[in-house]
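Asker: can you look at this prediction? I've put the sequence above it.
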Amino acid sequence: MSRSAHPAGPRYGDVHTEGHYSPPPADLNTLDDKIWSRTVGRDEDGVATVAGLPVTRLAEEFGTPAYFLDEADFRARCRAWTDAFGKDADVFYAGKAFLSRAVVHWLKEEGLNLDVCSGGELATALDAGMPPERIALHGNNKSVHEIERAVSAGVGRIVLDSFQEMVRVAHIAQSLGRVQPVQIRVTVGVEAHTHEFIATAHEDQKFGIALADGQAAEAVRRALKLDGIELIGIHSHIGSQIFDMAGFEVSARRVVGLLAEIRDEHGVELPEIDLGGGLGIAYTPEDDPREPHDIAKSLTAIVTRECESAGLRTPRISVEPGRAIVGPTAFTLYEVGTIKPLEGLRTYVSVDGGMSDNIRTALYDAEYSVALVSRRSDAEPMLSRVVGKHCESGDIVVRDAFLPADLAPGDLIAVPATGAYCRSMASNYNHALRPPVVAVKDGSARVIVRRETEEDLLRLDVG
Ligand code: LLP
């Protein structure tokens, strides 16, 4: 296999017509531990390893593309969140980021709760034995069937998203002879600094019940009157991939403000508040995420202070991190195929996956990093765009990145921080087969979600 440089490919410092990228790192071989999972390193041959396993061996055994999930890192992050919030708070892992039976087992063992937002996620949680009282059901349009399933399983809480749903849940619970604990999801009117499609607390969007125009107070009034439900708290989620704590602080303050109004109007002090998920992670070296203990400290301080000044007992706080737990724990391993240098622009590096295993770049302009992992290279940095094999020019995995100029077909490259919202948003576009998720730990690897096969695809095609 040729390892020769591509003479027409641009080098750092050349003129480019578009793109925003940071200068190349001093050494392209460095795997920055801010972006890569905790057990990633390089062995003496320059091959990247995870949990002590060389990626070349992993590629041989499991094929590419594939997601490799660092179980020790996942568990450590779970513990960091539960330790940070302590025993007077609850951490709900947001299953939408990535859910499988193995993940449910880890959550169970590490003492976390689980937020599910669909019948499928609920089924996975129950199948893997998550105690129902540790499950919360979310969603802006839960079906009657999903609600029935959740209520009869005895989930710990259903987060109500509308007036209609409140009546529906109350009715279903009554007909099943249950009283279902519920929270009301409010929109607090905070503009989160993130992509429009993943910001959720401004008013002009589909989630929750607005605080500002008195709708949330009205929802509380109705909830307190309905049989079949028990209102236990208020929920707010302001968006995703957020670094700035200010939005969470405003949100916490407004939620506590509502608790005080409820106390004044009804003489009831609701015992819980949930401040949602949304904490950002590092996809590139420029990203600077907050640590769980920092987040816990500032949120707890705000809630305690606001409650004290309103004369309220401090409610039990819960949070719902998804990305911040699973995001940094996995990378996607690809094999390099066609390499196309475009004079004066950049070099297009095609991999054997693409938007079917990572839609985030196309959908949110997400930024990712990438590295050559099957060997070390001291070649010059080459401005590259990592693209997939789909029939679409927007099929970009990493928009702007530097890879060594001697990159060649057959090399393995890896994109870190793909644990969240990559496998869970993967598709069969162009009849792509969704990649496996392989959990790695202490020198061993096991498939936790297997690779799709053509038989899987054809099994659904019953025409
Ligand atoms: N709680 C609720 C009610 C949510 O809606 C979400 C995410 C979370 C918690 C977890 O948020 P996290 O901690 O993972 O940011 N597909 C998008 C993200 C959508 C987030 C939807 N809700 C992405 O790939 O960026």
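Answerer: Nice, thanks for sending it over. Everything numeric here is computed off the predicted structure, so don't read it as measured data.
Asker: which intervals of the chain have sub-threshold pLDDT?
Answerer: Low-confidence segments of the chain (pLDDT under 70): 1-21, 192-202.
Asker: got the domain boundaries for it?
Answerer: 40-70+328-459, 138-321 (automatic domain parsing).
Asker: export those as a markdown table, with columns for distance to the ligand.
Answerer: C-beta coordinates here come from the backbone N, C-alpha and C atoms, glycine included. Listed next are the domains of the chain as a markdown table, based on distance: least, Cβ to the nearest ligand atom, whole Å:
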| stretch | distance to the ligand |
| --- | --- |
| domain 40-70+328-459 | 3 |
| domain 138-321 | 3 |
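Asker: could I get the full set of helices for the stretch 101-250 of the chain?
Answerer: Listed in chain order, the helices of the stretch 101-250 of the chain (DSSP state H, counting those that start in this stretch) span 101-110, 119-127, 144-153, 163-175, 215-225, 246-266.
Asker: mean neighbour count added to those, as JSON lines?
Answerer: Formatted as JSON lines, the helices of the stretch 101-250 of the chain follow (neighbours: other Cβ atoms under 10 Å):
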{"stretch": "helix 101-110", "mean neighbour count": "19"}
{"stretch": "helix 119-127", "mean neighbour count": "18"}
{"stretch": "helix 144-153", "mean neighbour count": "18"}
{"stretch": "helix 163-175", "mean neighbour count": "18"}
{"stretch": "helix 215-225", "mean neighbour count": "17"}
{"stretch": "helix 246-266", "mean neighbour count": "19"}
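Asker: Glu452 touches Leu433, doesn't it?
Answerer: Yes. Glu452 is within contact range of Leu433, at 4.1 Å (criterion: Cβ atoms under 8 Å).
Asker: neighbours of Asp88, just the number please.
Answerer: 10 (other Cβ atoms under 10 Å).
Asker: so it sits against Ser318, correct?
Answerer: No. Asp88 is beyond contact range of Ser318, at 10.5 Å (criterion: Cβ under 8 Å).
Asker: what residues sit buried inside stretch 276-295?
Answerer: 276-284, 287, 289-290, 292, 295 (16 or more other Cβ atoms under 10 Å).
Asker: what's the end-to-end length of it?
Answerer: 12 Å (Cα to Cα, to the nearest Å).
Asker: next, count neighbours for Arg178.
Answerer: 14.
Asker: and Glu452, what does it touch?
Answerer: Applying Cβ atoms under 8 Å, 6 or more residues apart in numbering, we find Glu452 in contact with Asn428, Leu433, Arg434.
Asker: quick one: which of these is nearest Ala136?
Answerer: Comparing those against Ala136 with Cβ to Cβ places Arg434 closest, at 26.8 Å.
Asker: in the lengthiest strand in the chain, what counts as buried?
Answerer: When the chain is scanned for its longest strand (criterion: DSSP state E), the result is strand 330-342. The neighbour-count check on strand 330-342 (16+ other Cβ under 10 Å) flags Ala330, Phe331, Thr332, Leu333, Tyr334, Glu335, Val336, Ile339, Pro341 as buried.
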